[in-house]
Structures are given as C-alpha cells and as structure tokens.
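> Dropping the sequence and predicted coords here.
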Amino acid sequence: METKSQTQVDVGKIKKATRMGIPLSITTYTLPHEIELYIAEVLACFLAELNQQKLKDYLVYCINELTTNAKKANTKRIYFAEKKLDINDSIDYEEGMRTFKEDTLSNIDHYLLLQKEAGLYVKVLMQVKGRNIILEIRNNSEMTKTEFKRVFDKIARSRQFASLEDAFSQVMDDSEGAGLGLVIMILMLKKVGLDDENYEVMVEGGETITRISMPMDMETQEHMTRLTDDIVSFIDTLPQFPENIARIEKLLNDPESKLSTIASHISNDVVLTTDLLKLVNSAAFSLQKKCTSIIEAVKLVGIRGIKNLLYSIGTMHLLGSATDEQKRLWDHSYKAGFYTYNLARNFLKNRVVTEDAYVCGLLHDLGKIVFSAVYPDLLDKIQALKVQRNIPDKVYDALLAGINHPEIGAALAEKWNFPPALVAAIRFHHAVSDAPEEYRNIAATVCLADLMIHYQEKSIEFYQIDPALLKQFAITSEAHLQKICESFQRGFMSEQSR
C-alpha cells in the first residue's frame, strides 16, 4: 500500500464494500504523506456513498491523529528494544521516554525502517454496520498499562473543556507529543454530536484497537427509511404468483393431498416439470440412474423441496430475465444457490439448512432483481417522491443501486408468503449477526456463498470476509478458501453443462 501504483482509489470497490457492509482496510508500515492523502480520499468516497460528507474534515483529523499515535507506538517498541529497556517496567518506561522524542526525531528514518522490517503496521478500517459507521485504527503493538492510563486521563480531561478554545488556552502535558491532539479529537467528536462513549480503546489478539462508532445522521436515516417504505409500498403493484403455482402450493399445504395428485399438477407445467427433473438428476441427489418419472421425482425432493422449487420458478416467471442486467443478476443468483447448497451440505451438515440452502441462495438478491424489473412509470413515481420529499440524490442513487436491497427483497418475500427462513436469508445476508438465532445458520451460509463469488471475481479481497464467518465453516486460510472456491466453480460449470 506504500507505493504510488498501489494508492489509486478504486471507487467501484469502495461502493461495493459500503453497500455490502464489509470492511475497507488500508495497511501501512511507515505512514508516508501519500498514504495519509490516500486514506483521506478513500474516506471521502466512503462517506459520500452514505451521504455523510459533512463528517469528512472531522474524521480526517481523527484518523490522522490516531494513525500518527499508532505509528509512534510502534516506533517506541523499536526504540525500547534497541535500548534494551522493558517497556512494561515502570522504571524502564520513564527512562526510555526521557530520550525517546529527541532520539527518534533526529533519526526517524532509521527507526521507521526497523519497524517496517519488524512487521509493525498501522491499519485503518472503515465499515458500515447497520445504521452505524465504524472507524478503527489498529497497530500490532499492545498498549501498556501506563499508556492506557495516559490515554484515559486525556479522555477524562477533555470533559472539563467546553470548547476547543478552552483546550488550547491551557498548557497540556506534551511529554509524549500526543496529549493535546487527543483532547482536540474528543472535542471535535463532540462537535458532530458524539461523546467519549463513541470512542473506545482496547487490546485484542495482539493489536491495540482504537474505534470510533457513530450513527448515520437522523436526517439521512429518515430519508432512507421513507424512500424504502415508498418502494416497498410499490411492491404491492406487483402481481401474485401465477395461478398454476398457487394451486400446487395449496395442494402441498393440504395434508390430505396425495403425491400422485401433486405430481399430476406438476406434469401440466412444462417449466416446472423440466426444473424438477433437472433438480433430482443434479449432483445434489447423486442418483445411480437418471430419473424420468415425475412422481418419483416428487418423492425424492419432498414437500419442502417442491415448495422451494415453486418459490424460485414463480419469482423468475414474475420478474423475468429479459434485460442484460436481469441476466447478470440471475447468473449470480444461480451460482449463489449452488454455492450455498454445497456449503451447507459439506460444512454445516444441518438437514434443514441444506434443504433450504439452494432457494435461499438463489433468491438472496431479490431486492436487486425487483429494481431490475421495475417499469419506467414506477421509477418515475419514485423519482417524483424523491423530489417531493427533498431526498438527496446520493440517498436516492444508493437505494436504486441496492444499498437497502435486503429489506426491500424481504418485503416482497413476505408479500408472496415465503417461509420465515427464506425471508430471513434475504433480509440478513449482509448482517448475519442481526438475524434471529434460529435463522442465523442459513443467513451465514448465504452470506459466505455470496462473498465467495465476489472474491472469485476479485471485487472483494480475503481480508474483507469476517474471520468469524470463515471459522464457522472451518476455513482456516486464504489458500483453503481458494481451494473450496475452485472446487465449487468446477461443480457449478459441470452442473450448467448437464
């Protein structure tokens, strides 16, 4: 990340990460000025996507302050090691700090080189979690008790000041060079409606983590909620499932129905018959001999499987695949269905999740598919409401691009009476931790399948996949993930050629 060729801002990747709620990360070892400028550009693009540009100057200051402090903490470790002083010993700490500033400033290149060789990094992370913006600065030097005390003393001291002017008017302890800067940062957070509770410092897994968390401003949240509600209300103009599918669904819900009757009704629908036979003859069932009997296929797939088939076929029938955008979305959806099913079958070994996995993966982007299917007059109505309610262009564009597509897709799924597991998979596939516990496994499986496809397409990087998600599926490294992706890709291509 420290060469000019690597510091070109990729706007597309920033937008995708923001909409998917996955982290953006920038790692540096020496924090040169060009990296500071690059971080500011990435932050500006990230905030613009959320219509939060007014936070930019405040947050740039905060990031600069915290990254400088993190770099200084890394330099301190190198300096103490070179001086053979124990940074955790209070006497050694006092001795080292008496000369640290003068010695390192006069020979900074030497110490920066040493800390780079030691692999001591500074990492900046930006992420949207629900309606909150999270900024983290991490460095792999664990903070000492003395350093913790100094930081929290500064935070406590900032409470005495009503304004930045008050802070400047008092003499601050500058023995470590960061006292005034931290107080100013806390006061700047106050100016945007935050307090020191929005600022956390912790040590986890060998890293010192400084986190700023802030809600998106209420005005933007209200705009987004209002426009989402309007779009959801327009979903009522979409038709219900075709009559033949509704009739078969009614039979499936009737405990008195015979399999032969269900099979007979399916046989009357060419598309349904073709897809059912394709399903039972797929690798999922590993049949020794090709199945050509509808009644045998119904027995193999079962009531739950037939229902899931109806949901997928009904959705495709209503929303169509005529445009290039629709075809692209369905291509991604077919692959997501295949990956979700194979993740569930091979890694979770949970029968209920495996039964629902394919349809949940297939329909996870239902909200995006809805937008691809809306007619020009419907878009005109949404545009008129946007103007009428004075909704900013950024909020409107972000919604149409899919920033809130899980909620919109889930609303349509509820309108069509999809089962709770499928609704939850659609609603929470970008926010697994928010899913009700009984549906968390299916939401996690869909989430990882979706991320695996984006990873294969190189639109996201390995670090952006939540380590807890990888751990749930016993994926231990990037090489391990690549191996699984390659295996799934081969299986998917083989399935497509059947």
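Structure received. Residues are numbered from 1 along each chain as shown.
> Can you verify my assumption that His317 contacts Gln240?
No - with contact defined as Cβ atoms under 8 Å, His317 does not reach Gln240; the gap is 11.3 Å. Any C-beta I mention is one placed from the backbone N, CA and C, and that applies to glycine too.
> who has more neighbours, these two?
His317 (16 against 12; other Cβ atoms under 10 Å).
> Could you measure from the more buried one over to Leu238?
12 Å (Cβ to Cβ, to the nearest Å).
> does Gly181 sit in a helix or strand, and which one?
For Gly181, the element it lies in under DSSP states H and E is helix 179-191.
> what's the answer for Ile212, then?
Per DSSP H and E: Ile212 is located in strand 207-215.
> starting at the chain centroid, how far to that strand?
17 Å (Cα atoms, centre = their mean, to the nearest Å).
> do the same with stretch 47-60
Centroid separation for stretch 47-60 versus its chain: 19 Å, with Cα atoms, centre = their mean.
> Look at that stretch and report the distance between its end residues.
11 Å (Cα to Cα, to the nearest Å).
> Could you list the buried residues of that stretch?
Buried residues in stretch 47-60, defined by neighbour count with 16 or more other Cβ atoms under 10 Å: Leu47, Ala48, Glu49, Leu50, Asn51, Gln52, Leu55, Tyr58, Leu59, Val60.
> Surely the last one touches Val42?
No - in this structure Val60 lies outside contact range of Val42 using Cβ under 8 Å: 10.7 Å.
> show me where pLDDT drops low in the stretch 251-400 of the chain?
Within the stretch 251-400 of the chain, the stretches with pLDDT under 70 are 283-287, 321, 373-378, 400.
> ranges for the strands of the stretch 101-250 of the chain?
Secondary structure of the stretch 101-250 of the chain by DSSP state E, counting those that start in this stretch: the strands cover 122-129, 132-139, 199-204, 207-215.
> JSON lines for those, including distance to Tyr38?
Shown next, in JSON lines, are the strands of the stretch 101-250 of the chain (distance: least, Cβ to Cβ, whole Å):
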{"stretch": "strand 122-129", "distance to Tyr38": "10"}
{"stretch": "strand 132-139", "distance to Tyr38": "15"}
{"stretch": "strand 199-204", "distance to Tyr38": "24"}
{"stretch": "strand 207-215", "distance to Tyr38": "19"}
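> Export the ones you listed to JSON lines and append columns for mean pLDDT.
Shown next, in JSON lines, are the strands of the stretch 101-250 of the chain (pLDDT from 0 to 100):
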{"stretch": "strand 122-129", "mean pLDDT": "95"}
{"stretch": "strand 132-139", "mean pLDDT": "95"}
{"stretch": "strand 199-204", "mean pLDDT": "91"}
{"stretch": "strand 207-215", "mean pLDDT": "93"}
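> Those strands: which one's closest to Thr354?
Evaluated over those, closeness to Thr354 peaks at strand 122-129, with 28.9 Å, by Cβ to Cβ.
> how about that closest one: buried residues?
Val122, Lys123, Val124, Leu125, Met126, Gln127, Val128.
> Tell me who's in contact with the last one.
When contacts are counted by Cβ atoms under 8 Å, 6 or more residues apart in numbering, Val128 touches Thr18, Gly21, Leu50, Ile134.
> For it, give the beta-bridge partners.
Per DSSP bridges, the residues bridged to Val128 are Ile133.
> Let me see the backbone angles for Asp89.
Backbone geometry at Asp89, expressed as degrees, to the nearest 10, gives phi -90, psi 130.
> neighbours of it, just the number please.
14.
> cool, Ala156 as well?
11.
> quick one: it and Val183, what's the gap?
Following Cβ to Cβ, the distance that separates Ala156 from Val183 is 10 Å.
> related to what we said a few turns ago, so which elements touch the helix holding Gly181?
Counting contacts by 3 or more Cβ pairs under 8 Å, 6 or more residues apart in numbering; DSSP states H and E, helix 179-191 is packed against helix 56-82, helix 145-158, helix 164-168.
> Now do the same for Thr27: helix, strand or coil?
Three-state secondary structure (criterion: DSSP: H, G, I helix; E, B strand; the rest coil) places Thr27 in strand.
> what's the pLDDT at it?
Looking at Thr27, its pLDDT reads 96.
> that older thread, going through the contacts of Val128, which ones are buried?
By 16+ other Cβ under 10 Å, the contacts of Val128 give Thr18, Gly21, Leu50, Ile134 as buried.
> from memory the last one sits against Leu125, does it?
Yes - A contact is recorded between Ile134 and Leu125 when judged using Cβ under 8 Å, the distance being 7.4 Å.
> okay, now the domains of this protein?
4-216, 221-242+317-496 (automatic domain parsing).
> Can you say which of the ones you listed is packed in most?
Among the domains of the chain, domain 221-242+317-496 has the highest mean neighbour count (mean count of other Cβ atoms under 10 Å), at a mean of 18.
> Surely Ala431 touches Pro406?
Yes - using Cβ under 8 Å, Ala431 is in contact with Pro406, at 7.4 Å.
> thinking again about what came up before, so which of the strands of the stretch 101-250 of the chain is nearest Val271?
Nearest to Val271 among the strands of the stretch 101-250 of the chain is strand 122-129; the distance by Cβ to Cβ comes to 39.2 Å.
> okay, the closest one in CSV with CA atoms only?
This file holds the C-alpha atoms of strand 122-129, laid out as CSV (Å, rounded to 0.1, in the frame of the first residue of the first chain):
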residue,chain,number,x,y,z
VAL,A,122,-0.8,0.6,11.2
LYS,A,123,-4.2,-0.4,9.8
VAL,A,124,-7.2,1.8,9.1
LEU,A,125,-10.6,0.1,8.8
MET,A,126,-13.9,1.7,7.6
GLN,A,127,-17.2,-0.2,7.7
VAL,A,128,-21.0,0.3,7.8
LYS,A,129,-22.7,-1.9,10.4
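> and it, how far from the chain's centre?
In terms of Cα atoms, centre = their mean, the centre of strand 122-129 is found 11 Å from the chain centre.
> Ok, stretch 300-313 next?
Using Cα atoms, centre = their mean, the offset of stretch 300-313 from its chain centre is 30 Å.
> Tell me the buried residues in that stretch?
Leu300, Val301, Gly305, Ile306, Lys307, Asn308, Leu309, Leu310, Tyr311, Ser312, Ile313.
> Need the three-state assignment for the fifth one.
Using three-state DSSP, the secondary structure recorded for Lys307 is helix.
> gap between it and Phe241?
Lys307 sits 12 Å away from Phe241, going by Cβ to Cβ.
> hey, what's in contact with both of the two?
Common contacts of Lys307 and Phe241 (Cβ under 8 Å, 6+ apart): Glu249.
> Out of the strands of the stretch 101-250 of the chain, the one nearest Gln496 is which?
When the strands of the stretch 101-250 of the chain are compared by Cβ to Cβ, strand 122-129 sits nearest Gln496, at 34.2 Å.
> could you check the angle strand 207-215 makes with that closest one?
30 degrees (axes from the mean of the first three to the mean of the last three Cα atoms, to 10 degrees).
> and the nearest residue to Asn139 once chain neighbours are set aside, what pLDDT?
Nearest non-adjacent residue to Asn139, counting by Cβ to Cβ, 6 or more residues apart in numbering: Ala70, 3.8 Å away. Predicted confidence (pLDDT) for Ala70: 95.
> Alright, I will stop here.
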